[in-house]
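Asks: Quick one: sequence plus predicted model below, questions after.
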Amino acid sequence: MTQTTLPVAIIGAGPVGLAAAAQLLARGLEPLVLEAGVAIGHAVRSWRHVRMFSPWAFNTDAAARALLEAEGWAAPDPDAYPTGGDLVDRYLAPLAATAALRGRIRTGARVIGVARRDIGRLHDGQGRDAAPLVLHVETCCGMQAIEARAVIDCSGSWYAPNPAGSHGMPAPGEIARADRIAYGIPDVLGAQRIIYAGRTTLVVGAGHSAMNAVLDLGYLAKSEPGTRILWAFRRPLGAVNFGGGARDGLAQRGALGARAQALVDSGAVTALAPFLIDRIGTMDGRLTVTGRQDGTSTTVQADRMIVATGFRPDLSFLREVRLGLDPAVEATPALAPLIDPNLHSCGSVRPHGEAQLRHPEAGFYIAGMKSYGRAPTFLLATGHEQVRSIAAFLAGDVAASRRVELVLPETGVCSTDRAPAASSSCCTPATPQGVCCAPKPELKAEATSCCAPKKPQSACMDTKQTSSAAALQPSFQIRPSSDDDIVAIAAIYGHHVQHGKGSFETEAPSVEDMRQRRVAIVERGLPYLVAVDVGGAVLGYAYAGAYRPRIAYVNTVENSVYVRHDCIGRGIGRTLLHALIERCEALGYRQMIAVVGDSANLASVRLHEAFGFRLIGALRSVGHKHGVWLDTVLLQRSLGEGDQTDPQPS
């Protein structure tokens, strides 16, 4: 087979995996779906008892509907709310059974490895990107090697839950007591009712899964005397986010949080907040869970535990793939700033596609819930939009891959502070537009904002010295620079000139020099961006300049990114670089060069590599500053269609 006749391999036959297959078929591409479970929708079947908080209208894919409707499928009421079982029985199973898909799905096929054919992760090799990807697939009949032109990993993260331990690792004793600990949302009111009825259950976690589990236990307690519910949070209760209530664009999601909060407020549920779990043991036939509450060691007893602390991606079978992952979120660096709860807590993420999901390994993508890494609040409709964009790109329709074809509902939440019940909006006029809220209404100036601190703070405050309730950093936004920003920009750059090795200047330029440099960039129509906090203070800046003055270089730009020295490590640099790449692609540029001063500056090199830049080489000892010889490192990435097509005439 040639590269163009090979299939696109899809890992996982869940909602997003099957949607990917339908989208590829609509584009004339051949999909091959590999599902580890014995049936499609394997993970969904494990939560078939759970009612979704998004209606059918958000849970079916357009290309998948077209395949179903061609065979006489009767679509469910778009305003009704399905359970996981409904999703399988009324949508996924019929979709997998269509003539178009049934011969293209293999169940009982577990992918245990992905790599570039004949070229390991370490080596570049001539024509690396042109070589097919190879998947090692474990089946009942033995191991198979399958070649693919591209791979879309839609395997999800349901079977990789976060542990109960406070450090991100299983607490001592947690694995040994696994027979009494459930992860996710067990069927408390159905098949597993008998093991929870009349017993004490400790629920750990603060998200929607934990809320579902607590509400089910609450219903159980009404009919089963002796049923007691403990709910452990890692934050103080005042900092727990129970959702946007009536402000949530998905009514059932808002109601879910409101009902869970009501159980806590009524005393029907005992809240342990904050409670950081250090050890899980047993005594007298019960679990003993020891942790810290307000700095004091505390032990509680329970018969069962439900751990709903989120999920993390299983990357074990992707060790030979060149992944670009944010070090905290484990999503792509382009997607991470949109979903990182360290940067914002809204949960409302703008639609995104192939450009944000691209990894350094050409033709490899992670889509669906797994694409969010460790971040919460994934919506199924987001996954559908992801694979629509990826399929369009693989088919060569770059314009369609960049087009947004989805509007997501807002959560109505932009902070971890519990707002008063009478609060009518999450934003005030002081909240930067687009930071974490939908286009906002005009509110009275004294209205309470849940998107910003109540008192001005630096977005680069030392979070180690703040309370748990204030542990999330204030949001920042990216905007085009203006002449008013020059003093701050000059101060940021001047510090790096005087104290750092990234710039080869040895004397800080004046404010007027920096003004003229900015004018030269802007007059060429190139982007010059700043990151500002909620008070308007400049935290960093980035711009693209001409790589070389000669005309043949006209389609290539060179980037520069500088972050205020006390704001480094807050995600500002990666957000600026992401925005700069997007703007340069929109302007039609085809290549971006990064020249990193000092080869010891691994943070900058790794940042660029995570965004798809490739190391081109290093110029040894070409600079001398602060008493040492300095290298420069050259990195490069394609923009848009790169060298696949000729540029538009200028």
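Replies: Perfect, I can see it now.
Asks: R322 reaches P360, doesn't it?
Replies: Yes - between R322 and P360 a contact is recorded at 4.2 Å, counting by CB atoms under 8 Å. Yep, even glycine has a C-beta here, placed from its N, CA and C like the rest.
Asks: Check the burial of A210 by counting its neighbours.
Replies: 23 (other CB atoms under 10 Å).
Asks: Please verify my assumption that it contacts G310.
Replies: No - under the criterion of CB under 8 Å, A210 is not in contact with G310, lying 9.3 Å apart.
Asks: for stretch 94-111, which positions count as buried?
Replies: Buried positions in stretch 94-111, judged by neighbour count with 16 or more other CB atoms under 10 Å: P94, L95, A96, T98, A100, L101, R104, I105, T107, A109, V111.
Asks: From A70, how far off is the first one?
Replies: Counting by CB to CB, to the nearest Å, the gap between P94 and A70 amounts to 12 Å.
Asks: Neighbours of A586, how many?
Replies: 12.
Asks: cool, and D294?
Replies: Under the neighbour criterion other CB under 10 Å, D294 is assigned a count of 9.
Asks: So what's the predicted local confidence for it?
Replies: According to the model's per-residue confidence, D294 sits at a pLDDT of 84.
Asks: Likewise for R350?
Replies: What the model reports for R350 is a pLDDT of 63.
Asks: Next, the closest residue to A43 other than its chain neighbours: secondary structure please.
Replies: Counting by CB to CB, 6 or more residues apart in numbering, W158 is the residue found nearest to A43 once chain neighbours are left out, at 4.0 Å. Put simply, W158 is coil when judged by DSSP: H, G, I helix; E, B strand; the rest coil.
Asks: How about the contacts made by W158?
Replies: A43, S46, W47, G184, F311, M369 (CB atoms under 8 Å, 6 or more residues apart in numbering).
Asks: make it 10 Å
Replies: Listed by CB atoms under 10 Å, 6 or more residues apart in numbering, the contact set of W158 reads G14, H42, A43, V44, S46, W47, Y183, G184, F311, M369, K370.
Asks: what about it, distance to G184?
Replies: Taken as CB to CB, the spacing of W158 relative to G184 amounts to 7 Å.
Asks: list residues touching both of the two?
Replies: By CB under 10 Å, 6+ apart, the residues touching both W158 and G184 are A43, S46, W47, F311.
Asks: I figured the first one hits L87, correct?
Replies: When you say that, I think you mean A43. No - counting by CB atoms under 10 Å, A43 stays clear of L87, with 11.0 Å between them.
Asks: More neighbours: which of the two?
Replies: Shown here are A43 and L87; by other CB under 10 Å, L87 has more neighbours (25 against 21).
Asks: That one sits in which helix or strand?
Replies: L87 belongs to helix 84-87 when assigned by DSSP states H and E.
Asks: Where does pLDDT dip in this structure?
Replies: Residues of the chain meeting the criterion pLDDT under 70: 1-3, 243-252, 254, 343-351, 407-475, 650.
Asks: Closest to the centroid, which residue in it?
Replies: Taking CA atoms, centre = their mean, the centroid of the chain lies closest to Y372, which sits 3.0 Å from it.
Asks: and V289, how far is that from P186?
Replies: Between V289 and P186 the distance, using CB to CB, works out to 17 Å.
Asks: out of these two, which sits in the busier spot?
Replies: A count of neighbours by other CB under 10 Å puts V289 above the other of V289 and P186, at 27 against 24.
Asks: so the more buried one touches D303, yeah?
Replies: No - taking contacts as CB under 10 Å, V289 lies outside contact range of D303: 11.3 Å.
Asks: Between these two, which contacts overlap?
Replies: Taking CB under 10 Å, 6+ apart as the contact rule, the neighbours common to V289 and D303 are L202.
Asks: tally of neighbours for R312?
Replies: Other residues near R312 number 17, with proximity taken as other CB under 10 Å.
Asks: And it, how close does it get to Y81?
Replies: Taking CB to CB as the criterion, R312 is separated from Y81 by 28 Å.
Asks: show me the contacts for the residue lying closest to A488 once chain neighbours are set aside.
Replies: Spatial nearest neighbour of A488, chain neighbours left out: V538 (3.7 Å); criterion: CB to CB, 6+ apart. By CB under 10 Å, 6+ apart, the contact set of V538 is 476, 481, 484-489, 491-492, 530-532, 564, 567.
Asks: So what pairs up with V538 in the strands?
Replies: Beta bridges link V538 to V532, judged by DSSP bridges.
Asks: could you measure D294 against S316, distance?
Replies: Look at D294 and S316: by CB to CB, they are 38 Å apart.
Asks: With adjacent residues omitted, what lies nearest to S297?
Replies: T290 (6.6 Å).
Asks: any idea which element that neighbour lies in?
Replies: With elements delineated by DSSP H and E, T290 resides in strand 286-293, which encompasses its position.
Asks: packing partners for that strand?
Replies: Taking 3 or more CB pairs under 10 Å, 6 or more residues apart in numbering; DSSP states H and E as the contact definition, the neighbouring helices and strands of strand 286-293 are strand 200-204, strand 228-232, strand 270-272, strand 276-283, strand 296-302, strand 304-307.
Asks: what do you get if the cut-off is 8 Å, keeping everything else the same?
Replies: Other elements packing on strand 286-293 under the criterion 3 or more CB pairs under 8 Å, 6 or more residues apart in numbering; DSSP states H and E are strand 200-204, strand 276-283, strand 296-302, strand 304-307.
Asks: who wins for proximity to L634 among the ones you listed?
Replies: Relative to L634, the nearest member of these by CB to CB is strand 276-283, separated by 45.7 Å.
Asks: Can you list phi and psi of V487 for me?
Replies: Backbone geometry at V487, expressed as degrees, to the nearest 10, gives phi -60, psi -50.
Asks: returning to what we had before: inside helices: which ones of the buried residues of stretch 94-111?
Replies: For the buried residues of stretch 94-111, the ones inside helices are P94, L95, A96, with DSSP state H as the criterion.
Asks: Pick out whichever of those residues sits closest to T382.
Replies: When these are compared for distance to T382, the smallest value, 18.7 Å, is given by L95; criterion: CB to CB.
Asks: wait, the closest one sits on L67?
Replies: Yes - at 6.6 Å, L95 and L67 qualify as touching, with contact defined as CB under 8 Å.
Asks: intersection of neighbour lists for these two?
Replies: Overlap of the contact sets of L95 and L67 (by CB under 8 Å, 6+ apart) consists of A22, L101.
Asks: So T98 is in contact with R65, correct?
Replies: No - using CB under 8 Å, T98 is not in contact with R65, being 11.0 Å away.
Asks: Tell me which of the buried residues of stretch 94-111 fall in strands.
Replies: Within the buried residues of stretch 94-111, membership in strands is found for I105, V111, as judged by DSSP state E.
Asks: mind putting the buried residues of stretch 94-111 in JSON lines, distance to V134 included?
Replies: As requested, those are arranged in JSON lines below (distance: CB to CB, whole Å):
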{"residue": "P94", "distance to V134": "32"}
{"residue": "L95", "distance to V134": "28"}
{"residue": "A96", "distance to V134": "25"}
{"residue": "T98", "distance to V134": "29"}
{"residue": "A100", "distance to V134": "26"}
{"residue": "L101", "distance to V134": "24"}
{"residue": "R104", "distance to V134": "19"}
{"residue": "I105", "distance to V134": "20"}
{"residue": "T107", "distance to V134": "21"}
{"residue": "A109", "distance to V134": "15"}
{"residue": "V111", "distance to V134": "11"}
